[in-house]
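Novice: Coordinates for the following, if possible.
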Amino acid sequence: MVAQIKTAQIKTNPTKNNQNQTNTNPTDPTLPKSASMVTPIKGNVQVFIAPHRNLYADIIAQGLRVAGQGTKVLLVQPFQTGINQGLKNPRRLVENLEWLRCEAERDLSKDDVELTDVEKLSVLELWDYAKVTIKSARAGLVILDEANLLVARSLITEEELLEVLETRATKVNIILTGTSMPSRIADYVDQVTHRRN
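Specialist: Below is the predicted model of the structure:
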């Protein structure tokens, strides 16, 4: 015996819209657009100020920890130098941490050093790379060592640095270090840490 199964088709009448009921058709151009109630969370901007010019072990450790958790990290030291370094030869401490130093043959961080045109271009090349990374979120954490020297040596303006911080991509965290920091930058950031030694 073969059982026959009959399916019943149920006709449904479309309900008429009440005056109190709103049309939820997203393609209807007459409907007002709803504003998002969720505000994207911006990443933090931290400043570390200290009397000496050393990149602190805890900042490196933070970068390694973030990179180890799978987030891309960019560490830029525009005034720390090394032969065969620069944008074309980044160092990688772990898979997700890219470490860039300026390609020059002398220490550019000393106060009495007058930068040559080639050295200025090399420093600004790293700055431009950092800017693009910050705005495009190619890294979740960007560490910019001795950022104050970019402004102090008139390579960039305080306004340009502030604009990069203000227009950073959502969720990009930034750490700036230096022996000092322009007041407008220090006023803007989320956290300022002064170290005594």
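
Novice: and after the lowest-mean-pLDDT helix or strand in the chain, which helix or strand comes next?
Specialist: Of all helical and strand segments in the chain, the minimum by mean pLDDT, DSSP states H and E falls on strand 91-92, at a mean of 78. Sequence-wise, the next helix or strand downstream of strand 91-92 (DSSP states H and E) is strand 97-102.

Novice: Any buried residues in the helix or strand following that following strand, and which?
Specialist: Per DSSP H and E, the first helix or strand lying C-terminal to strand 97-102 is helix 117-136. Using 16 or more other Cβ atoms under 10 Å as the burial criterion, the residues of helix 117-136 that qualify are Glu119, Ser122, Val123, Glu125, Leu126, Trp127, Tyr129, Ala130, Lys131, Thr133, Ile134. Backbone N, C-alpha and C define where each C-beta goes, glycine included.

Novice: quick one: the last one and Ile143, what's the gap?
Specialist: Using Cβ to Cβ, to the nearest Å, one gets 11 Å for the distance from Ile134 to Ile143.

Novice: Now do the helices in the chain.
Specialist: 57-68, 117-136, 147-152, 158-166, 183-188 (DSSP state H).

Novice: which one of those lies closest to Val76?
Specialist: If you check each of the helices of the chain against Val76 by Cβ to Cβ, helix 117-136 wins as the nearest, at 4.8 Å.

Novice: Which neighbouring elements make contact with the closest one?
Specialist: strand 73-81, strand 97-102, strand 141-144, helix 158-166 (3 or more Cβ pairs under 8 Å, 6 or more residues apart in numbering; DSSP states H and E).

Novice: make it 10 Å
Specialist: Packing partners of helix 117-136 (3 or more Cβ pairs under 10 Å, 6 or more residues apart in numbering; DSSP states H and E): strand 73-81, strand 97-102, strand 141-144, helix 147-152, helix 158-166, strand 173-178.
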